[in-house]
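> mind folding the following:
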Amino acid sequence: MKLLLSLLLFPIFLFAEERFSFEQPLMGTLFKITCYAPNKTLAEKVAKEAFTEAEKINEVGSDYIADSELLGLSKKPIDTPIAVSPLLYQLVSEAKQMAEITDGAYDPTIGPFTKLWRESRRRHALPTDAVLASAKASTGHQHLICDSSSNSLIMKKAGMRLDLGGIAKGQAADAMLAVFFCYDLPSTSITAGGDVRLGNPPPGAKGWQVGVRTFDKNKETATLTLANCAVSTSGDLQQSIEINGVHYAHIIDPATGLGLTKPVAATVIAPTATQSDALATACCVLTPDAAKKLISRIPQCILHLPTAAREPQ
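Modelled structure (predicted):
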């Protein structure tokens, strides 16, 4: 889960297009749309189609839905090509690409760790070293093969389980904004928890105003003016737990299989929310210096540490 973004008020002047807002619970958070359109009827129609695109991604790629196509992969034989739907292939192949870019700091194969960590949070007890070691043997993005020629996936380790939690909201935000562009309504922003996808600026404005926060939920430290890009924030501001006197974030370190124990927050600006979502997670896992080095080698990406973004206006 990403840090929650909240709406800032933006002055509305007399333009041909009106401002409309829509929201819907999805993927364990609240998705919000802010768009400028010539009339409410069109805005509602496009918003409905956009939410439908996000729902499709959730239905296919959720690891909370027992019969999702994603979870079904864990029941397939290893070392064998698994034909998947075009949508799931897109989601997984994009996640695999981000894992390679981040050298595994973001890793969609941490599903075995995710399952254990959810149990640990419920029981307020850590898994044993032996259990963690067993789960670790089933992780590693290098053991996930994506074959674009046949839209198939190969999982080369027994017990592999995929988790798109660190990228799916960003992917959904990208897909939703694309719907608005198809209808020639580019002045739109999509907020999905801590992931924001921004289209053209609001009429008469230079960009969308995105509030920035550090580790204080109620204190805003800066405002970014952005357009035609994405901004994602990851950290422990909204979700954390204490076990045996140790404070754990909800973000899992692929190296340990446990929640991060350091205070973390990272905001990444990138061309797409798919990128910014995964990169923000990776930057929390990495040391600040390593995070800066990672972002410095990715074109058009900017890192803010240790800040957190709020929803734009």
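
> okay, strands next: where are they in the stretch 201-313 of the chain?
For the stretch 201-313 of the chain, the strands defined by DSSP state E, counting those that start in this stretch occupy 208-213, 220-226, 229-235, 240-243, 246-249, 265-270, 302-304, 308-312.

> looking at the ones you listed, which is buried most?
For those, average neighbour numbers computed from mean count of other Cβ atoms under 10 Å are highest in strand 229-235, which has a mean of 29. C-betas here are computed from N, CA, C, even on glycine.

> chain neighbours aside, what residue packs nearest to I57?
Nearest residue to I57, sequence neighbours excluded (Cβ to Cβ, 6 or more residues apart in numbering): A172, at 4.8 Å.

> tell me the contacts of that neighbour?
Contact analysis of A172 by Cβ atoms under 8 Å, 6 or more residues apart in numbering lists 26-27, 31, 53-54, 57-58, 192.

> now do the phi/psi pair for it.
phi -70, psi -40 (degrees, to the nearest 10).

> ok, S74 touching K157?
No - the criterion here is Cβ atoms under 8 Å, and S74 misses it with K157 at 11.1 Å.

> lowest mean pLDDT among the helices and strands of the protein, which one is it?
Here the helix or strand of the chain ranked lowest by mean pLDDT, DSSP states H and E is strand 308-312, holding a mean of 60.

> mind giving me the ChimeraX command for buried ones among the contacts of A172?
Those of the contacts of A172 that count as buried under 16 or more other Cβ atoms under 10 Å are selected in ChimeraX with:
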select :26,27,31,53,54,57,58,192
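
> just the contacts of A172: which are in helices?
Among those, DSSP state H puts 53-54, 57-58 in helices.

> pLDDT and distance to L116 added to these, as JSON lines?
Formatted as JSON lines, the ones in helices among the contacts of A172 follow (pLDDT from 0 to 100; distance: Cβ to Cβ, whole Å):
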{"residue": "E53", "pLDDT": "98", "distance to L116": "32"}
{"residue": "A54", "pLDDT": "98", "distance to L116": "28"}
{"residue": "I57", "pLDDT": "98", "distance to L116": "25"}
{"residue": "N58", "pLDDT": "97", "distance to L116": "23"}
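
> of those, closest to C301?
Comparing the ones in helices among the contacts of A172 against C301 with Cβ to Cβ places I57 closest, at 22.8 Å.

> and the gap between that closest one and C146?
Per Cβ to Cβ, to the nearest Å, I57 is found 17 Å from C146.

> now swap in S93 and tell me
Taken as Cβ to Cβ, the span from S93 to C146 is 4 Å.

> where does pLDDT dip in the stretch 1-150 of the chain?
Across the stretch 1-150 of the chain, the ranges flagged by pLDDT under 70 are 1-15.

> which residue ranges form the strands in it?
Secondary structure of the stretch 1-150 of the chain by DSSP E, counting those that start in this stretch: the strands cover 18-26, 29-37, 82-83, 144-147.

> for T225, find the nearest of these.
T225 lies closest, by Cβ to Cβ, to one member of these: strand 29-37, at 15.2 Å.
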